[in-house]
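Engineer: Could you look at this predicted model? Sequence included:
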Amino acid sequence: MTFFQSLTYDHEILDNAAGTLVSLVKSMNNGAEVINKISQLINFFQNYMIEYHIVKEEWLINELIGMQIPADHGPLYYYNFEHKEHQKQIDNIKKHLVDENKREALLSLTLKFCTDLWEHIDKENSVLFPESEKVIGAAKTSRLNKHLEENNNMYDKVLKQICIEIIQQYPPVISLPESIRGDGCTSCRFYDGRCNGIELEWWSDYQWEDLFERE
Ligand SMILES: [Fe+2]
Ligand SMILES: [Fe+2]
């Protein structure tokens, strides 16, 4: 599996894991087993998403920064911003899980985490990955593939397997009224004046000139 394929594959699991987390939190009255599964999924998000998947995305972001693509504004800034937000959301969910009096707050935190993560996945799949693949070149791509080979350890496979089993046992919600899914920068919550989208924030003159040949 190539570096970019692995990121997209991670997203399929993370997308479903977020939906399953919502299903589980909605059925928490079913007792200790459900709480145990929620803990396992939170462990998955911490160890697989934060400490493995996002680390891989940081390798990519660092390669892009090395190509003078800005990270203090625009898409790279907001990808990094959201990665930090994911960590805070997971910490918060974990805190609320141990307190039986905070079930309502736990549900609203989980719904927000799920909708934010789905939006994040949509824009990485439709903007970050395809745009990066176009500009990054063969040498950097093979460096990323090599990094992946060297860091693809058994622990990640075990975590992924546990998560897949929980998803099969507790099917994910596939949509939420709070969530609007879609491709491209215009579906992003920061495309409201805070970020002007990939073309204006990121593209060089060369990319504009080359537009019709690349399409
Ligand atoms: Fe990400
Ligand atoms: Fe991602």
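Structural biologist: Alright, I've got the coordinates. Numbers count the residues shown, from 1 in each chain. Ligands and ions are numbered 1, 2, ... in the order given.
Engineer: any idea which residue sits dead centre in the protein?
Structural biologist: residue 121 (4.8 Å; CA atoms, centre = their mean).
Engineer: residues of the one helix or strand residue 139 maps to that come out buried?
Structural biologist: Per DSSP states H and E, residue 139 falls inside helix 137-151. Neighbour-count burial for helix 137-151, counted by 16 or more other CB atoms under 10 Å, picks out 140-141, 144-145, 147-148. Backbone N, C-alpha and C define where each C-beta goes, glycine included.
Engineer: was I right about the residue nearest to the centre of the chain contacting residue 13?
Structural biologist: No - with contact defined as CB atoms under 8 Å, residue 121 does not reach residue 13; the gap is 10.5 Å.
Engineer: okay, and the common contacts of these two?
Structural biologist: When CB atoms under 8 Å, 6 or more residues apart in numbering defines a contact, no residue borders residue 121 and residue 13 alike.
Engineer: need the contact list for residue 82.
Structural biologist: With contact set as CB under 8 Å, 6+ apart, residue 82 has these partners: 116, 120.
Engineer: so how far is residue 51 from it?
Structural biologist: Noted for residue 82: a distance of 16 Å to residue 51, by CB to CB, to the nearest Å.
Engineer: How about residue 90?
Structural biologist: Applying CB to CB, the value for residue 90 to residue 51 is 11 Å.
Engineer: How about residue 13?
Structural biologist: On the measure of CB to CB, residue 13 and residue 51 end up 15 Å apart.
Engineer: Pick out whichever of the two has more residues nearby.
Structural biologist: Counted by other CB atoms under 10 Å, residue 13 and residue 51 do not tie: residue 13 has more neighbours, with 18 against 14.
Engineer: Work out the gap between stretch 134-153 and the centre of the chain.
Structural biologist: Centroid separation for stretch 134-153 versus its chain: 19 Å, with CA atoms, centre = their mean, to the nearest Å.
Engineer: Show which residues not belonging to it make contact with it.
Structural biologist: Where contact means CB under 8 Å, 6+ apart, the residues beyond stretch 134-153 that reach it are 1-4, 6, 52, 56, 59-60, 63-64, 67, 133, 207, 214.
Engineer: mean confidence for it?
Structural biologist: In this model, stretch 134-153 carries a mean pLDDT of 92.
Engineer: Show me where this structure has its helices.
Structural biologist: Using DSSP state H, the helices found in the chain span residues 3-26, 32-44, 54-66, 74-97, 103-123, 129-135, 137-151, 154-169, 198-202, 205-209, 211-214.
Engineer: Reformat these as JSON lines; add distance to residue 183.
Structural biologist: Formatted as JSON lines, the entries for these read as follows, by distance: least, CB to CB, whole Å:
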{"stretch": "helix 3-26", "distance to residue 183": "13"}
{"stretch": "helix 32-44", "distance to residue 183": "26"}
{"stretch": "helix 54-66", "distance to residue 183": "18"}
{"stretch": "helix 74-97", "distance to residue 183": "14"}
{"stretch": "helix 103-123", "distance to residue 183": "6"}
{"stretch": "helix 129-135", "distance to residue 183": "10"}
{"stretch": "helix 137-151", "distance to residue 183": "23"}
{"stretch": "helix 154-169", "distance to residue 183": "24"}
{"stretch": "helix 198-202", "distance to residue 183": "12"}
{"stretch": "helix 205-209", "distance to residue 183": "19"}
{"stretch": "helix 211-214", "distance to residue 183": "18"}
